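J.: Requesting a structural model of the entry that follows:
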Amino acid sequence: MKKNNLFFKIVPVLAISATIILAFIACSSDSITDDDDVIVDDEEVVTELHAAFAAFNTDATTIYIDGSDIVIETTGLPNHESVYWGEGNELYRDEPDVDLTPSIMSSNNNATTITVDATPNLTGSTVSTQVNTIGIAVSGASIFNDQEGNGALNEAAGSLDWTGAHIGPGVYHYHLEPKAFTNDDANLVGILLDGVFLYGRKCDSTETYPTDLDASGGHTTTTQYTNGEEEYHYHIINEIYSTTGSYIAFAGPYQGY
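T.: Modelled structure (predicted):
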């Protein structure tokens, strides 16, 4: 999280006074170290990845710290079954009711890289999601919002596979609750572009559906990855979307920018 620099107006009275003041300012801006991070030049630099990143598919994702940011590079290829793998692939799943888009996952370019704040800025304005990758799921594939192209998702719902995802246009991506790894539970779904983690419909701290969610589906409680510390995070909102019979992964707005 970037913090505003402090500016001081120093009125020169005596040379020795100026020296003392400058020395004080220099000492105040020295690096401050605690168990988790380092403050350098008023910018927080995280030195250890959040424990939740251990849940991500390491065959598809490379995750590392870059100053005050986290970089997530992914092949975009999930580690679960789908009709979009195409016949002959070991992860192919026959789904005769899916209105297939032309692309086949094994021959499609799904690689995506996102950079997020290591410490989300929860003091700013909310920001709307856009039609494109809004986050990366633990499987390594992209998360999209509740829109498809220039219209509502229900116009393309017939092309969604059993886990609420499809290809087209672009990368393989989830619109709905990804049942391959979270299905009416508190499992981690992934991380969004504002650096906030997204979980399933239930809350780990209560083992039931949370009732205190904000407009984005977020609240502040402990999770299975915070070692007893409370942390702001999102949940898939427990409201069925349109005629899909399932739940939108995340519609927004973001809270962490």
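
J.: residue contacts, residue 76?
T.: Residue 76 is in contact with 60, 110-112, 140-142, 171-172, counting by C-beta atoms under 8 Å, 6 or more residues apart in numbering. To be clear about C-beta, it is placed using only N, CA and C from the backbone, and glycine gets the same treatment.

J.: scratch that, residue 91
T.: Contacts of residue 91 by C-beta under 8 Å, 6+ apart are 79-82, 85.

J.: Residue 178 too?
T.: Counting by C-beta under 8 Å, 6+ apart, residue 178 has contacts 137, 139, 163-165, 189, 249.

J.: element containing it, please.
T.: Using DSSP states H and E, residue 178 sits in no helix or strand.

J.: With residue 118 as the reference, measure out to it.
T.: Taking C-beta to C-beta, to the nearest Å as the measure, residue 178 falls 24 Å from residue 118.

J.: same deal with residue 239?
T.: Applying C-beta to C-beta to residue 239 and residue 118 gives a distance of 31 Å.

J.: and what of residue 219?
T.: From residue 219 to residue 118 the distance is 21 Å (C-beta to C-beta).

J.: of the two, who's got more company?
T.: With neighbours defined as other C-beta atoms under 10 Å, residue 219 and residue 118 compare such that residue 118 has more, 21 against 18.

J.: Tell me the secondary structure at the residue nearest to residue 66 when sequence neighbours are not counted.
T.: In space, residue 66 comes closest to residue 115 once its chain neighbours are excluded; the distance is 7.2 Å by C-beta to C-beta, 6 or more residues apart in numbering. Secondary structure assignment for residue 115 (DSSP: H, G, I helix; E, B strand; the rest coil): strand.

J.: Could you check how many residues crowd around the nearest residue to residue 185 once chain neighbours are set aside?
T.: Spatially, and ignoring its direct neighbours in sequence, residue 185 is nearest to residue 200 (4.9 Å; C-beta to C-beta, 6+ apart). Taking other C-beta under 10 Å as the criterion, the count of residues near residue 200 is 24.

J.: was I right about residue 200 contacting residue 186?
T.: Yes: counting by C-beta atoms under 8 Å, residue 200 touches residue 186, with 5.4 Å between them.

J.: Any idea how many residues pack against the closest residue to residue 107 other than its chain neighbours?
T.: Nearest residue to residue 107 in three dimensions, chain neighbours excluded: residue 86, at 7.5 Å (C-beta to C-beta, 6+ apart). Per other C-beta under 10 Å, the neighbour tally for residue 86 reads 16.
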